[in-house]
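Peer 1: Structure for this input, please:
(chains A and B)
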Amino acid sequence: NAGVTQTPKFQVLKTGQSMTLQCAQDMNHNSMYWYRQDPGMGLRLIYYSASEGTTDKGEVPNGYNVSRLNKREFSLRLESAAPSQTSVYFCASRTDRAQGQPQHFGDGTRLSIL
Amino acid sequence: AQTVTQSQPEMSVQEAETVTLSCTYDTSENNYYLFWYKQPPSRQMILVIRQEAYKQQNATENRFSVNFQKAAKSFSLKISDSQLGDTAMYFCAFMKRDLSGNTPLVFGKGTRLSVIA
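Peer 2: As a prediction, this is how the structure comes out:
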């Protein structure tokens, strides 16, 4: 049972390059999320998607775009990478069939922008 | 907007001892859920424990238990009989309850716990 799968696990980019982080879940969850984790900042929400075809901004959406391609996949795109986007990115998903269910996380992508 | 505060950036505990990690939150909601997640050096985010705000009974999971004080908006995590494998970053998180069922988590900044042999 794979759960939430993120690719790639590591990536180094140059300033100005573009990049898409992929996320897929096999748990038939409706809700999916993208967070970034920076030292001393915890996890901060970038975007989330309540269902296929819908997306909403989180706390730190600037510089990012997302696509909910289908129920399984939710990608995060950096159109023009900046050093401030160096971070660890986590994708998560959750069922909405019952209230208060925890989010399931992928293993993260460490992204460095030079 | 909700905020979650973890006032202890780092803590350490001797193996087999008990340690308590603090978490406070600010919200005007009455119905919500609280979580503790563990992040070991492998970077995985692992659910430790979950608490429903409308339940007064404190949640427990083996060596992990919480002290939930709704009026004080406090949600501390107690780890008993600490083990070396408990060494990790611990995050407290808040999620409000709504009909959509898809509200995001709001995280604290984390507490880095080191268990010393």
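
Peer 1: tell me which parts of chain A are close to chain B?
Peer 2: When proximity is defined as Cβ under 8 Å from any Cβ of the partner chain, chain A approaches chain B at A:30-31, A:33, A:35, A:40-45, A:48, A:50-51, A:58, A:88, A:90, A:92, A:94-103, A:105, A:107-108. In short, each C-beta sits where N, CA and C put it, glycine included.

Peer 1: Which of those fall within strands?
Peer 2: The strands, defined by DSSP state E, take in A:31, A:33, A:35, A:42-45, A:48, A:88, A:90, A:92, A:94, A:105 from these.

Peer 1: Any idea how many residues pack against the closest residue to residue B:50 other than its chain neighbours?
Peer 2: Distance criterion Cβ to Cβ, 6 or more residues apart in numbering or on different chains; nearest residue to residue B:50, sequence neighbours excluded, is residue B:35 at 5.3 Å. Neighbourhood size, residue B:35 [other Cβ atoms under 10 Å in any protein chain shown]: 23.

Peer 1: quick one: residue A:55 and residue A:46 touch, right?
Peer 2: No: counting by Cβ atoms under 8 Å, residue A:55 sits too far from residue A:46 to count as a contact (10.4 Å).

Peer 1: Now do the shared contacts for those two.
Peer 2: The contact sets of residue A:55 and residue A:46 overlap at residue A:66 (Cβ atoms under 8 Å, 6 or more residues apart in numbering or on different chains).

Peer 1: More neighbours: which of these two?
Peer 2: residue A:46 (25 against 18).

Peer 1: In chain A, what residue comes closest to chain B?
Peer 2: residue A:96 (3.2 Å; Cβ to the nearest Cβ).

Peer 1: how close does that residue sit to residue A:14?
Peer 2: 39 Å (Cβ to Cβ, to the nearest Å).

Peer 1: who's more crowded, these two?
Peer 2: The residue with more neighbours, out of residue A:96 and residue A:14, is residue A:96; 16 against 8, by other Cβ under 10 Å.

Peer 1: For the helix or strand bottoming out on mean pLDDT in chain B, name the packing helices and strands.
Peer 2: In chain B, no helix or strand scores lower on mean pLDDT, DSSP states H and E than strand B:60-61, which sits at a mean of 90. Applying 3 or more Cβ pairs under 8 Å, 6 or more residues apart in numbering or on different chains; DSSP states H and E, one finds that strand B:60-61 contacts strand B:46-52.

Peer 1: The residue nearest to residue B:50 should be in a strand, yeah?
Peer 2: Yes: Residue B:35 sits within a strand when classified using DSSP: H, G, I helix; E, B strand; the rest coil.

Peer 1: List the contacts of it.
Peer 2: A:102, B:47-51, B:92-95, B:105 are the contacts of residue B:35 under Cβ under 8 Å, 6+ apart.
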